[in-house]
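J.: sequence and predicted structure, then a few things I'm wondering about:
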Amino acid sequence: RPTCGILNCTMSQITNPHDAFFKQFLSKPAIARDFLTQHLPDDLLALLDLATLAEQKESFVDEALRSHFGDLLYRVQTKAGSPLYLYLLFEHKSYPDHEIAFQVLRYKVRIWEKEIGKAKRLTPIVTLVVYHGEMQWTIPKNFAGLFKWAEDEQEIEAVLRLYLPEFTYHLVDLSALSDAQIQGDVWLRVFELLLKHIFDPTLGQQLYDILSLVVEVAQQPTGMEMLVTMLRYVARAGAGASKDEIHQTVIQLFAKEGGVLMKTAAQEWIEEALAEGLAKGLAEGLAIGVQKGEAIGVQKGEAIGVQKGIMQAQQQMIMQVLQHRFAPPSETVERLVRQLGQITVAEDMQHLVDYALQALLLNDFLLRLERLLPPSTNQ
């Protein structure tokens, strides 16, 4: 599953938090079975032995479309013992894609292409399109719906249908469900509630009610890990939940674990700032090298740019963490910005990043910062 650390966080992992959240939860067999039980049509569900459900570790989505779609493929047996694929295509966008049936066809073909060299027959694929956007889903759920026929071409349509591919995908439209209609085990319910409300500008006001559902189960062996995954998703993708709202919710519901959980959320803001700073710094460094017109200048420029990007991002993340934790007055903010800009040693800046998360009082951090300033500026 995707991982993201301070020095190896990629921009794709930051900008595609929906995909990571979707896969982290539905890669867990119990949650995947619960999801399918809640959302598959009854007649199809009656055919399947979900105890045989097994995730296939492949993705069939084009690299260029990864910011819009995520996918999961499962292999399952029918109760009669026949194999079947269940393919989940997750729509990341806040509006429906009018060509989704075409994308489904492409991915079905890719799955069959991998299979046809190994099997004497192809395995049926049932596709579930999972949507959680803001706009209502009004597009047809079958492939033939992509073809437009004039009213006077009905006879032509009837003839041509014999020569066209046809299939239907099953739509799981979370945005069309009320909160009360979202059922299942508690982890599935919270997973779907967060997906449903992640684009909602009032997410921060609803966060308490959503996360209160997992207070008891969070004490289970994997509970804290799953709670951290949820906070990571909200911190990255939930524009409607401010840092203060996340903090207040966590402290109120999880008083004992609140410090650890908020450190995790703060880490997400840190990583995002770091990745942005690295990209900006690398571009600046390359420009320095190119201006010199020498290969060695480019190499030096890259190194300068990367280091500069890291330092700038670390300054930004320190300010974000301190403002979130202590809400310092404007004059203190100005002083912090000025003094952090005077730190030129990478090890000192990294130390300040760590201490911004750990300091009990803002004054403790300010004293530590002043001790690291160059003698001529330590004032």
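T.: Perfect, thanks for sending it.
J.: residue ranges of the helices in the stretch 101-250 of the chain, please?
T.: Using DSSP state H, counting those that start in this stretch, the helices of the stretch 101-250 of the chain run over 154-160, 186-197, 203-211, 223-237, 243-253.
J.: can you say which of those is nearest to Ala54?
T.: If you check each of the helices of the stretch 101-250 of the chain against Ala54 by CB to CB, helix 186-197 wins as the nearest, at 18.9 Å. (Glycine included, C-beta is placed from N, CA and C.)
J.: contacting residues around that closest one?
T.: 18, 21-22, 25, 31, 34-35, 38, 132, 174-175, 177, 179, 182-184, 203, 206, 210-211, 213-214, 217, 226, 230, 233-234, 238, 240 (CB atoms under 8 Å, 6 or more residues apart in numbering).
J.: apply 7 Å and report the result again.
T.: With contact meaning CB atoms under 7 Å, 6 or more residues apart in numbering, helix 186-197 is reached by 25, 31, 34-35, 38, 132, 174-175, 177, 179, 182-183, 203, 206, 210, 213-214, 217, 226, 230, 233-234.
J.: columns mean pLDDT on top of the helices of the stretch 101-250 of the chain, output as TSV?
T.: Below are the helices of the stretch 101-250 of the chain laid out as TSV (pLDDT from 0 to 100):
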stretch	mean pLDDT
helix 154-160	77
helix 186-197	96
helix 203-211	95
helix 223-237	86
helix 243-253	85
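J.: most tightly packed of these?
T.: helix 186-197 (a mean of 22; mean count of other CB atoms under 10 Å).
J.: centre of the chain to it, how far?
T.: With CA atoms, centre = their mean, to the nearest Å as the basis, helix 186-197 stands 14 Å off its chain's centre.
J.: picking up where we left off before, dump the helices of the stretch 101-250 of the chain into TSV; add distance to His170 as well.
T.: TSV is the format used below for the helices of the stretch 101-250 of the chain (distance: least, CB to CB, whole Å):
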stretch	distance to His170
helix 154-160	24
helix 186-197	16
helix 203-211	26
helix 223-237	25
helix 243-253	34
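J.: quick one: find the helix or strand in the chain with the lowest mean pLDDT.
T.: helix 11-15 (a mean of 43; mean pLDDT, DSSP states H and E).
J.: next, the distance between the ends of stretch 233-252.
T.: With CA to CA, to the nearest Å as the measure, stretch 233-252 spans 19 Å from end to end.
J.: can you check which of the helices of the stretch 101-250 of the chain gets nearest to Leu340?
T.: helix 243-253 (19.5 Å).
J.: give me the angle between that closest one and helix 203-211.
T.: With axes from the mean of the first three to the mean of the last three CA atoms, to 10 degrees as the basis, helix 243-253 and helix 203-211 are set at 20 degrees to each other.
J.: who does helix 243-253 touch, helix- and strand-wise?
T.: Using 3 or more CB pairs under 7 Å, 6 or more residues apart in numbering; DSSP states H and E, the elements in contact with helix 243-253 are helix 203-211, helix 223-237, helix 258-292.
J.: can you rerun that using 10 Å?
T.: Judged by 3 or more CB pairs under 10 Å, 6 or more residues apart in numbering; DSSP states H and E, helix 243-253 is in contact with helix 203-211, helix 223-237, helix 258-292, helix 295-326.
J.: dump the shortest one to PDB, restricted to CA.
T.: Meaning helix 203-211. What follows is helix 203-211 as a C-alpha-only set of coordinates in PDB (Å, rounded to 0.1, in the frame of the first residue of the first chain):
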ATOM      1  CA  LEU A 203     -16.900  18.400   6.900                       C
ATOM      2  CA  GLY A 204     -15.300  19.900  10.000                       C
ATOM      3  CA  GLN A 205     -18.700  20.300  11.600                       C
ATOM      4  CA  GLN A 206     -19.600  16.700  10.900                       C
ATOM      5  CA  LEU A 207     -16.300  15.200  11.800                       C
ATOM      6  CA  TYR A 208     -17.200  14.700  15.500                       C
ATOM      7  CA  ASP A 209     -20.300  12.600  14.700                       C
ATOM      8  CA  ILE A 210     -18.500  10.500  12.100                       C
ATOM      9  CA  LEU A 211     -15.400   9.700  14.200                       C
END
